[in-house]
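Trainee: Predicted model follows, preceded by the sequence.
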Amino acid sequence: MQVLKIGDKEYQYYSLNALNDPRVDKLPYSIKILLEQAIRHCDGFNVKQQDIDRILDWANTSKADTEVAFKPARVILSRFYRYVKKQQSQKGVPLVVDLAAMRHQAQEMGKDPQLINPLIPVDLVIDHSVQVDFHGGPDALQKNEETEFQRNYERFQFLKWGSKAFQNFSIVPPGSGIVHQVNLEYLARVVFEVNGILYPDSVVGTDSHTTMINGLGVLGWGVGGIEAEANMLGETTSLVLPQVVGFKLTGKLHQNATATDLVLTCTEILRKKKVVGKFVEFFGDGLQNLSLPDRATISNMAPEYGATMGFFPVDDTTISYLRQTGRSEEQCQIVKEYLSAQGLFYHNHNVSEYSEVIELNLEDVRPCVSGPKRPQDRVTVDKLRDEFLGGLQAPVSFKGFNVKPSEAVLTHGSVVIAAITSCTNTSNPGVMLAAGLLAKKAVEAGLTIKPYIKTSLSPGSQCVTEYYKASGLNVYLDKLGFNLTGYGCMTCIGNSGPIDEQITNAVNNSDLVVAAVLSGNRNFEGRVHPITRANYLASPPLVVLYALTGTVDFDWNSPIGVVDGKEIFVKDIWPSRDEVIALEQQVIKPEMFIQNYQKIQQGTKNWNQLQVPEGLTYNWDPQSTYINHPPYFKGLKLELPQIKPIKDAFCLAVFGDSITTDHISPAGNISVNSPAGQYLKSRNVDPKDFNTYGARRGNDEVMVRGTFANTRIKNKMLNGKECPHTVFVPNNEVLPIYDAAARYLELGAQTVIIGGAEYGSGSSRDWAAKGPFLQGVGAVIAISFERIHRSNLAGMGILPLEFTNGENAESLGLNGHESYTLDVNPETIHVNQKVHVIAKSKEGEKQFQCLLRLDTDVELEYYKNGGILSYVLRKILK
């Protein structure tokens, strides 16, 4: 270790320069951070010398799927459940449920339950539970927050118990903001100081958009809740050393362009480049023309462009942002001097070498949106009208809807939801002030919004409210109906709330393709609201603009409206980039952030009044239908279990491309006639109190019944019909997928899933792996997997396998009526082995090769232990 004097204090640090290795300077900044943590944690067991050697040789090892150990400095969790009518998910509750179950099992086995504790700092931000039930009025915020607390009282109690029972575990209460914005503005250290030792901040989180923190120069990405638990309990993450794509930015943004337009452009470019499993690192002269929030916006959407993360190294812009958000001068000095000493502070004379380099001139970015069904489908606003109209009668696809023309007042393309939402954009004062300025000019011009449009404003931090008030722009947003509805993800994650029944009936009765325009990061089918089939991601000012036009069927060169005989065009109300920057410099003050986060530390009135039980172990309530003792550890012994080879397994379902975790583990309302609904009825729960799958993610009995219960899922065993059913192969009976899985379990039969490309894309939802595990699924065979979902499957002991040689279910003629035998011997299984598969049916036998996507030796150990949770618990108790 080296000594570094900063001011009048001396610190120690693990010096990269002391390696005296010329390869260090050429490493990408993100890889240097991996190198530093490997040196710091090297103990010859969890992290070995070979990990350091492999990272140093990154130029070669990154081409060979080489495994290295990574141990994050901290873990960040989000927790949410969306109510009634929409998709939902929660990650913090099931994770704390698992920890509580571990403590219970430790006690059952005669061990000290306090052995189960997070060993690194863990922050849980309660941010996703608030919904837009009330909008368009001055009391919307208060009513929504009161409703949130009433709905989630039992879960809030449980989480507060966890914050008292576990060490190194803190909670940011509901009503404080969105996890990634709170992380950016408050929680992130950038550089840690522990016992006089300095090291870079790094984080993994249970939300895929944890990547936002890379805009601050903090290495971070999303993992499944399963993997996060292991990290919390001291385990390293086995990481395949990634290739790093250098993204060179030049020039500066056009006067009419925003950071949102830039990130949507980057998403389109990088999706086409196929950067899944890779790091993207930004550099070039253009960086100096992007604010820190601009960078964070780009980093936020790394899951949408497919990369593990999009990294911006720390530079003077970063230091300015730290000061702007109220970090101490001492911390700012430590960050700059430590990172400079380590060669981790960015200067324009970047000498890093990358796996490949792509380039974008910022001047080429133009106002755009993405949609109607995927974030990567960008279209410039001047072409949106033609593209939308062209897709109405086109075959159903990512751009097509196959509907008949309509001439009603509410018609195809009508905007029914306009939401300024999501940390992607609400963390960026530039685009938020632009929305306010546009609203001001629109109100002054006499423009109004159609009464049927559900407008909402849900920023990720209370600081937004403060600078809106300081600028006076909140008045104009209120006049257009963009009243404050809550501090949380809200519409971005589907908490858009109910839409007027008359609007819903008109849409359904006429089979209309109506639109939602939101400043979010995801727009998958069925996510934003059930009745909005066209969902467009847009900058906050574009959200306000499309609320004013009332339709996405809008000619960019036509007037928005006519007031007193005067035509009002977009150019008349659109604020310039220079205008926005000048206002930002005037109103954004460090005191806003300091005062806001002091309030967060004190807690809200409702949270502080919440009474919780005491004790190291949780007192499970058998009557609860929200929190249940999960079965993962029942009967667990310290000896390894015997893993049965997969032989003559039935196929539970056959899916096509882009099956998302929303399809696998839906988070929306629970149907009365669904297996989960029938279970709740049997527990005397009234249908009006069913709530949602997201609200009940702490109860495995509900969640296993909800697995593959999304009404939009298409199973090829039923000829692609949209329904959560399958064929029970032994007698060809059509059943809900859960019921079929339960019957296979009763028979003692094994099952597999067949999938297409990008299987498991979307949110990092651990129940999308836990659910199939509890249904008895032993393997998923797909064309390709989304990174986090593949990891989650491996973490639950489910084998992820990929077709090889360009084959797929269709080319092989697989229809799901076969029995499957996999040549995988649990005794001889190895990383990325080629697996011989035999599929037998009445028509004969088919054989093909698959690639086993257990990518590391550690994942093999998870499989042999029956999953990562059992592996970690055995390790601790031994």
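Mentor: Alright, I've got the coordinates.
Trainee: what ranges do the helices span in the stretch 751-878 of the chain?
Mentor: Counting by DSSP state H, counting those that start in this stretch, the stretch 751-878 of the chain has helices at residues 767-774, 787-795, 809-812, 857-865, 868-877.
Trainee: Apart from its chain neighbours, what residue comes closest to His629?
Mentor: Trp620 (4.5 Å; Cβ to Cβ, 6 or more residues apart in numbering). (Each C-beta comes from the backbone N, C-alpha and C, glycine too.)
Trainee: Any idea which residue is closest to the centre of the protein?
Mentor: Centroid-nearest residue in the chain, with Cα atoms, centre = their mean: Ser208, separated by 2.9 Å.
Trainee: Let's have the helices of the stretch 751-878 of the chain in JSON lines, adding mean neighbour count, mean pLDDT and distance to Gly222.
Mentor: Listed next are those as JSON lines, based on neighbours: other Cβ atoms under 10 Å; pLDDT from 0 to 100; distance: least, Cβ to Cβ, whole Å:
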{"stretch": "helix 767-774", "mean neighbour count": "27", "mean pLDDT": "96", "distance to Gly222": "13"}
{"stretch": "helix 787-795", "mean neighbour count": "27", "mean pLDDT": "89", "distance to Gly222": "6"}
{"stretch": "helix 809-812", "mean neighbour count": "16", "mean pLDDT": "97", "distance to Gly222": "28"}
{"stretch": "helix 857-865", "mean neighbour count": "20", "mean pLDDT": "90", "distance to Gly222": "18"}
{"stretch": "helix 868-877", "mean neighbour count": "21", "mean pLDDT": "92", "distance to Gly222": "16"}
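Trainee: Tell me which of those sits nearest to Asn17.
Mentor: helix 857-865 (30.7 Å; Cβ to Cβ).
Trainee: report the angle between the axes of that closest one and helix 787-795?
Mentor: Calculated by axes from the mean of the first three to the mean of the last three Cα atoms, to 10 degrees, helix 857-865 forms an angle of 40 degrees with helix 787-795.
Trainee: And Ala515, how far from Leu473?
Mentor: 25 Å (Cβ to Cβ, to the nearest Å).
Trainee: Same check on Ile503?
Mentor: When Ile503 is compared with Leu473 (using Cβ to Cβ), they lie 28 Å apart.
Trainee: What of Asn521?
Mentor: The separation that Asn521 has from Leu473, given Cβ to Cβ, amounts to 24 Å.
Trainee: out of the two, which sits in the more crowded spot?
Mentor: For Asn521 versus Leu473, neighbours defined as other Cβ atoms under 10 Å are more numerous around Asn521 (29 against 22).
Trainee: give me every residue that touches the more buried one.
Mentor: By Cβ atoms under 8 Å, 6 or more residues apart in numbering, Asn521 lies in contact with 209, 300-301, 303-304, 375, 422, 424, 492, 537.
Trainee: before we move on, what about Leu27?
Mentor: 35, 55-56, 58, 352-353.
Trainee: most surrounded residue in those?
Mentor: Ile55 (27 neighbours).
Trainee: Please, which helix or strand holds that residue?
Mentor: Using DSSP states H and E, Ile55 sits within helix 49-56.
Trainee: Check which helices and strands whichever helix or strand comes after that helix sits against.
Mentor: Next in sequence after helix 49-56, counting helices and strands by DSSP H and E, comes helix 58-61. Contact analysis of helix 58-61 by 3 or more Cβ pairs under 8 Å, 6 or more residues apart in numbering; DSSP states H and E lists helix 23-26 as its packing neighbours.
Trainee: how about the helices of the stretch 751-878 of the chain in TSV, adding distance to Lys681?
Mentor: Formatted as TSV, the helices of the stretch 751-878 of the chain follow (distance: least, Cβ to Cβ, whole Å):
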stretch	distance to Lys681
helix 767-774	20
helix 787-795	30
helix 809-812	36
helix 857-865	37
helix 868-877	31
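Trainee: so which of the ones you listed gets nearest Gly234?
Mentor: helix 868-877 (8.3 Å).
Trainee: How far off centre is the closest one?
Mentor: From the chain centre to the centre of helix 868-877 is a distance of 26 Å (Cα atoms, centre = their mean, to the nearest Å).
Trainee: so where's the stretch 1-150 of the chain uncertain?
Mentor: Flagging of the stretch 1-150 of the chain using pLDDT under 70 yields the residue ranges 79-91.
Trainee: Can you show me the helices along it?
Mentor: Along the stretch 1-150 of the chain, counting by DSSP H, counting those that start in this stretch, helices occupy 23-26, 29-41, 49-56, 58-61, 92-108, 140-151.
Trainee: Pipe those into TSV and attach distance to Leu774 per row.
Mentor: Converted to TSV, those look like this (distance: least, Cβ to Cβ, whole Å):
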stretch	distance to Leu774
helix 23-26	47
helix 29-41	34
helix 49-56	35
helix 58-61	37
helix 92-108	12
helix 140-151	26
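Trainee: for those helices, which one sits closest to Tyr820?
Mentor: Closest among these, using Cβ to Cβ: helix 92-108, at 29.8 Å.
Trainee: on contacts alone, who are the packing partners of that closest one?
Mentor: strand 74-79, strand 122-126, helix 153-165, helix 225-232, helix 868-877.
Trainee: could you redo the last one with a cut-off of 6 Å?
Mentor: Contact here means 3 or more Cβ pairs under 6 Å, 6 or more residues apart in numbering; DSSP states H and E; on that basis helix 92-108 packs against strand 74-79, helix 225-232.
Trainee: hmm, who's touching the longest one?
Mentor: It refers to helix 225-232. Under the contact criterion Cβ atoms under 6 Å, 6 or more residues apart in numbering, helix 225-232 has outside partners 72, 75, 91, 95, 98, 118, 122, 204, 206, 766, 791-792, 795, 868, 872.
Trainee: Now with 7 Å, please.
Mentor: 72, 75, 77, 91, 94-95, 98-99, 118-120, 122, 204, 206, 237, 766, 769, 791-792, 795-796, 868-869, 872 (Cβ atoms under 7 Å, 6 or more residues apart in numbering).
Trainee: Least confident of the contacts of Asn521?
Mentor: The weakest per-residue confidence within the contacts of Asn521 falls on Cys492 (81).
Trainee: how much space is there between that one and Ala582?
Mentor: Distance from Cys492 to Ala582, by Cβ to Cβ: 29 Å.
Trainee: show me the contacts for the nearest residue to Ile226 once chain neighbours are set aside.
Mentor: Distances taken as Cβ to Cβ, 6+ apart place Gly795 nearest to Ile226, at 4.0 Å, with adjacent residues excluded. Listed by Cβ under 7 Å, 6+ apart, the contact partners of Gly795 are 224, 226-227, 769, 862, 867-868.
Trainee: circling back to that earlier point, out of the helices of the stretch 751-878 of the chain, which comes closest to Ser163?
Mentor: That would be helix 868-877 among the helices of the stretch 751-878 of the chain, by Cβ to Cβ, at 20.9 Å.
Trainee: So what touches the closest one?
Mentor: The contact list for helix 868-877 (Cβ under 7 Å, 6+ apart) reads 98, 102, 105-106, 109, 111, 115-116, 226-227, 229-230, 233, 235, 632-633, 636, 638, 795, 861-862, 865.
Trainee: Now the buried members of those residues.
Mentor: Taking 16 or more other Cβ atoms under 10 Å as the criterion, what is buried in the contacts of helix 868-877 is 98, 102, 105-106, 111, 116, 226-227, 229-230, 233, 235, 632-633, 636, 795, 862, 865.
Trainee: Low-confidence regions, the chain specifically.
Mentor: Using pLDDT under 70, the chain drops low at 79-91, 764.
Trainee: What residue in it is the furthest from its centre?
Mentor: The chain, farthest from centre, Cα atoms, centre = their mean: Gly565 at 47.3 Å.
Trainee: rewinding a little: Tyr14: which of the helices of the stretch 1-150 of the chain is closest?
Mentor: Of the helices of the stretch 1-150 of the chain, nearest to Tyr14 by Cβ to Cβ is helix 29-41, at 4.8 Å.
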